[in-house]
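Visitor: this is a predicted model, with the sequence first.
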Amino acid sequence: MTSQLITEGPVVEELRELRVRLPHILGVLVASIDGLLIAQDTPDVEPETMAAMSAAQLGLGQQMVAAVNSGGFRDTVTTGTDGYVATFAAGPSALLSVIAGPELNVGRLHHEARPVAARIGELLPSSPLTQLGE
């Protein structure tokens, strides 16, 4: 199963605008919840591998919130010594993953990226076979 990479249009523009608003972002990508790359701006990162790992991160986060009855999954942030990787649900069948340096303000990341993820989710068609929670 393959996906067609989006290289222009409103989804890519959302990624570009997010990077402009948050200059400490090092890369962004959109993937399906089964790990297929949809769109990316990730210099110095292998995007297909990152898409697959982001889908795994989303799946684990979804299971964690379900296990403790915390409602639907919204996002997860992994903090490393030299930066962050955040994964946001983008509608029922996609995700937004953000790679950022250590200077990033995580509160601002949430403030800026959550609405971007929501808009991307609205722009992408949802697949009934791969929707979150099914």
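Guide: Okay, I see it. Numbers count the residues shown, from 1 in each chain.
Visitor: only C-alpha atoms from now on, for both contacts and neighbour counts.
Guide: OK.
Visitor: give the buried residues for the lengthiest helix in the chain.
Guide: Longest helix in the chain, counting residues (DSSP state H): helix 47-67. Buried residues in helix 47-67, counted by 16 or more other Cα atoms under 10 Å: 47-48, 50-55, 57-59, 61-62.
Visitor: what packs against that helix?
Guide: Where contact means 3 or more Cα pairs under 8 Å, 6 or more residues apart in numbering; DSSP states H and E, helix 47-67 is packed against strand 25-32, strand 37-41, strand 75-80, strand 83-89, strand 94-100.
Visitor: run the last query once more with 7 Å
Guide: Packing partners of helix 47-67 (3 or more Cα pairs under 7 Å, 6 or more residues apart in numbering; DSSP states H and E): strand 37-41.
Visitor: pick out the residue nearest the middle of this protein.
Guide: residue 96 (1.6 Å; Cα atoms, centre = their mean).
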